[in-house]
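> Just the structure for this:
(2 chains)
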There are 2 protein chains.
Amino acid sequence: MKKFIDTVDTLLIDSLAGFAKAHADIVQLNSAPLYLTRKNPKTANKVALISGGGSGHEPLHTGLIGLGMLDAACPGEIFTSPTPDQILAATNAVVGDQGALFIVKNYAGDVMNFEIAAEMLECEVATILVSDDIALPKNHYTGRRGVAGTLIVEKILGAATENGADLAECVSLAAKVTQNTASIGIALNSCTVPALGKPTFDLDDDELEFGVGIHGERGRSTQAFKSATRIVSQLTEAISIALQPQAGQTVLLHINGFGATPLIELYLIYELAERAWQQRGVKIVRSLVGNYTTSLDMAGCSITITIMDDELLALWDAPVHTANLRW
Amino acid sequence: MKKFIDTVDTLLIDSLAGFAKAHADIVQLNSAPLYLTRKNPKTANKVALISGGGSGHEPLHTGLIGLGMLDAACPGEIFTSPTPDQILAATNAVVGDQGALFIVKNYAGDVMNFEIAAEMLECEVATILVSDDIALPKNHYTGRRGVAGTLIVEKILGAATENGADLAECVSLAAKVTQNTASIGIALNSCTVPALGKPTFDLDDDELEFGVGIHGERGRSTQAFKSATRIVSQLTEAISIALQPQAGQTVLLHINGFGATPLIELYLIYELAERAWQQRGVKIVRSLVGNYTTSLDMAGCSITITIMDDELLALWDAPVHTANLRW
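Have a look, this model is predicted:
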């Protein structure tokens, strides 16, 4: 395993310490239990927005703490859920008199631990599950996984909470965003989890993994390697079937890299996806291209589409100032 | 070769087309000759700032066009200099009555083609060579290469030109920045140039390349793989010898990924570098961590230090609004 690493045990905490120092103007780190908040954590007159999950997806979620997005994030060990005590402490550190909203990617451990924390908290709490990954069928027994669409939910809800939306309004808005968002990804190579020390799955030089998750798990199918245009066509078709955006509708197009894919390739994917949607009469009105919801050092990308309306556009455009997303 | 690509011939132009569409609020693309400018290109009452070089280093330089940084960028083919006609047309598209400043990484082809363009232009032109890579000795016959420190030169000069600095002031400021900046990098794996279709050099699973360049060229030496702390110690020592920052001095610390290195590892490197400089009594007052000066899909990172004073701090902190760098 060739990574920049000292030991498996120190990677996460040292990386978070560096993150907190590099962005000391935006965030602060609490080591035990482990969570990060905005530099000025107390949220008067707004719903507190908290997320978290296994580490290895950076900048999700820690890099999205700050004005216009999260109030706090709870990083678990790599690809491992944060514990209830992390979530409890993080929430108590940031919650004001408007209650707390949890944004949780739909994985059993995350769902359970956020639920336990919610039951233990004295403040009002609501939870949003994100399950935008259409690689699994809608009726799959685990439900669909939360992937790159999570960032879009966090951005839009972040803006809404800054604008003073109450907890009920946030839940209703979140339902609208999640219903209008779909993602699907493809990997060229697996990631290597440090504790394992080798790639989670093997792909030959002429193979790719279609419908891949973000935890080094296999996808819907292993396929023959193909051109970028054919890859984009396949991803677009899958989203089109699942989300059914109509000709004339306006959408946000998010091209997400999984950690080891350079921008020159991600912008190529953007160009090809833009053409594919235009052929379907769907208009791209906003975009986000980059490595945002990563899977350590996995090579690959996902396409996410959110069907937008004026309300969502205004919230997407609202100011955001975090370590890794700003406008 | 597993990359998102259709053909070697279309990768660059399609990627740039996607980039220009995704950031149509900031940049515009001219296809023939190939260059990009700000959306509103004409620069009245300011020196026009133009850079360029081989592609494959994204977001350098195209992602750094916009308020507070570049006025135009000329992308060559991958790892290939832009031609004089690109530079000529880009300059004429943006130059006002204050002349043009070229920021050029010190590679023979880039230097020559920017020089030819400068001779053909009717406006006043000055050129800054960036040669921050200390992997080569100072008296090497080619001079030192320009690498990740280029972004720092572009940011600081970008702010100065927005503030109304004239061409002579820009040249003097650039000399100060370049004299106070040093970089050195390390690769865990080579990049794959699409036209070649295989890694430029081979590293075994227990090897790394110290003092590597950003074009898939070998570095100062192939070494045994080692811990992140030992890597950082070696890079820090090399910069310390070359730049000699003194105890008590304040510096900017830039951890740059080469394209395939995830943030969790880059922030670990930041933490270890911060400790190493603190032990030397050098104070980190500003930071930048991410994949900014890349080498396609190379895994690795570089450390850049710029010794800062109040003038440089104010220019670094000045607003910037580009596709890939914003504050």
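
> now the strands for the stretch 151-300 of chain A?
With DSSP state E, counting those that start in this stretch applied, the stretch 151-300 of chain A shows strands at A:181-189, A:207-210, A:221-224, A:250-257, A:283-290, A:299-308, listed in chain order.

> I'd like the ones you listed laid out as a markdown table, including mean neighbour count.
In this view, the C-beta of every residue, glycine as well, is placed from N, C-alpha and C. Listed next are the strands of the stretch 151-300 of chain A as a markdown table, based on neighbours: other CB atoms under 10 Å in any protein chain shown:
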| stretch | mean neighbour count |
| --- | --- |
| strand A:181-189 | 27 |
| strand A:207-210 | 21 |
| strand A:221-224 | 14 |
| strand A:250-257 | 25 |
| strand A:283-290 | 19 |
| strand A:299-308 | 27 |
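
> any chance of the ones you listed in TSV, plus mean pLDDT and distance to chain B?
Below are the strands of the stretch 151-300 of chain A laid out as TSV (pLDDT from 0 to 100; distance: least, CB to the nearest CB, whole Å):
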stretch	mean pLDDT	distance to chain B
strand A:181-189	97	4
strand A:207-210	96	7
strand A:221-224	96	12
strand A:250-257	98	8
strand A:283-290	98	4
strand A:299-308	98	7
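
> Out of those strands, which is closest to A:Pro199?
strand A:181-189 (7.0 Å; CB to CB).

> Just the C-alphas of the closest one, formatted as PDB.
In PDB, the C-alpha atoms belonging to strand A:181-189 read as follows (Å, rounded to 0.1, in the frame of the first residue of the first chain):
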ATOM      1  CA  THR A 181     -32.000  14.100  -6.800                       C
ATOM      2  CA  ALA A 182     -30.400  11.000  -8.300                       C
ATOM      3  CA  SER A 183     -26.800   9.800  -8.600                       C
ATOM      4  CA  ILE A 184     -24.900   6.900 -10.100                       C
ATOM      5  CA  GLY A 185     -21.100   6.200 -10.200                       C
ATOM      6  CA  ILE A 186     -18.500   4.200 -12.000                       C
ATOM      7  CA  ALA A 187     -15.000   3.200 -10.800                       C
ATOM      8  CA  LEU A 188     -11.900   2.600 -12.900                       C
ATOM      9  CA  ASN A 189     -10.000   1.200  -9.900                       C
END
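
> so that strand versus strand A:299-308, what angle?
Relative orientation of strand A:181-189 with respect to strand A:299-308: 170 degrees, computed using axes from the mean of the first three to the mean of the last three CA atoms, to 10 degrees.

> Output the contacting helices and strands for strand A:181-189.
Using 3 or more CB pairs under 8 Å, 6 or more residues apart in numbering or on different chains; DSSP states H and E as the contact criterion, the neighbours of strand A:181-189 among helices and strands are helix A:149-162, strand A:207-210, helix A:228-243, strand A:250-257, strand A:299-308.

> Give me the angle between it and strand A:250-257.
Going by the same axes, to 10 degrees, strand A:181-189 makes 20 degrees with strand A:250-257.

> Now for the closest residue to chain B within the stretch 201-327 of chain A, how many residues are close by?
In the stretch 201-327 of chain A, no residue comes nearer to chain B than A:Glu271, which is 3.0 Å away by CB to the nearest CB. A:Glu271 sits with 26 neighbouring residues when counted by other CB atoms under 10 Å in any protein chain shown.
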